[in-house]
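**Student:** Here is a sequence with its predicted model. Questions after.
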Amino acid sequence: MKKKELEILLERVEDIKNPDADSEQYSTPATVASELLFFAFADSDIEDRVVYDLGCGNGILGIGAKLLGAREVTGIDRDGDAINVARRNSKELEVDVEFRECDLQEVSGKVDTVVMNPPFGAQRKNRHADRLFLEKSFEIAAVVYTILNAGSESFLRTLLPSQSAKIYRYPVIFPLKRRFWFHKSDMKSISADIYRVEM
């Protein structure tokens with residue numbers, strides 16, 4: 001499958017109807033999701049791998065990983081409504097992804113790869129959420145792909161469990177549609193980075 005084909009398929013993914021601003025429930029655009037997933041696919045971190053999508057929301061990253069040949073995919077989110085949407089999306093795109101409603105801290109075990117678009121921790125009630133997601137992903141996975149604000153590498157390095165961990169950065173533009181009452185424009189482009197972290 002080509003990247004453009006994946007992007008077209010992921011455009012069909014239904015969004016969450018009533019996203020929570022405090023939890024920073026922003027959907028990952030199909031363009032960015034396909035960039036992250038092909039970055040991972042090219043490094044042999046998707047096909048025939050066990051993949052977790054932490055904070056999966058509508059399931060776009062986990063579903064995309066399964067479309068690219070992941071052996072087993074699990075999406076984790078504490079929002080039951082988001083999990084229901086993710087399950088519908090998985091059924092619509094005819095892929096077998098397990099979606100579990102649970103808190104991030106309940107996640108355990110070991111997997112090959114984590115893919116995620118964590119909250120950036122920008123909202124007062126969600127401070128340091130990005131840190132929690134990163135720490136959990138480093139705990140359970142050999143390789144992590146994550147989307148962070150541009151220029152977050154020094155912050156990321158402070159959380160690494162080992163100084164021998166390798167970081168690769170891939171810059172992207174994250175198109176952010178008007179989603180919450182405090183957004184002033186219909187569309188805003190944010191500079192972001194996709195990071196690959198190998199323990």
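**Tutor:** Perfect, I can see it now. Small disclaimer: the values here were computed from a predicted structure and weren't measured.

**Student:** Quick check: the gap between the residue nearest the centre of the chain and E135.
**Tutor:** Computing the C-alpha centroid of the chain and ranking residues by CA atoms, centre = their mean puts M116 first, at 2.1 Å. M116 is 12 Å from E135, where distance means CB to CB, to the nearest Å. Where C-beta positions appear, they are placed from N, C-alpha and C, glycine not excepted.

**Student:** Let me see the confidence value for the spatially closest residue to A30 that is not a sequence neighbour.
**Tutor:** Closest residue to A30 apart from its sequence neighbours, by CB to CB, 6 or more residues apart in numbering: L10 at 3.9 Å. As predicted, L10 sits at a pLDDT of 98.

**Student:** tell me the contacts of L10?
**Tutor:** With contact taken as CB atoms under 8 Å, 6 or more residues apart in numbering, L10 is in contact with 30, 33-34, 60, 63-64.

**Student:** Now with 7 Å, please.
**Tutor:** 30, 33-34, 60, 64 (CB atoms under 7 Å, 6 or more residues apart in numbering).

**Student:** most neighbours, which of those?
**Tutor:** G64 (33 neighbours; other CB atoms under 10 Å).

**Student:** Am I right that that one is in contact with F39?
**Tutor:** No - look at G64 against F39 with CB atoms under 7 Å: they stay out of range, at 11.6 Å.

**Student:** Counting neighbours, show which residues of the helix or strand containing F39 come out buried.
**Tutor:** Assigned by DSSP states H and E, F39 falls within helix 30-42. Residues 30-41 are the ones in helix 30-42 that count as buried (16 or more other CB atoms under 10 Å).

**Student:** ok, residues contacting it?
**Tutor:** Under the criterion CB under 7 Å, 6+ apart, residues 3, 6-7, 10-11, 46-47, 60-61, 64-65, 68, 113, 115, 145, 147, 170, 172, 174, 194, 196 lie in contact with helix 30-42.

**Student:** Tell me the helix or strand right after it.
**Tutor:** Beyond helix 30-42 on the C-terminal side, the first helix or strand identified by DSSP H and E is strand 50-54.

**Student:** Now do that following strand: which elements does it pack against?
**Tutor:** On a contact count with 3 or more CB pairs under 7 Å, 6 or more residues apart in numbering; DSSP states H and E, strand 50-54 meets helix 60-67, strand 72-77, strand 111-116, helix 129-140.
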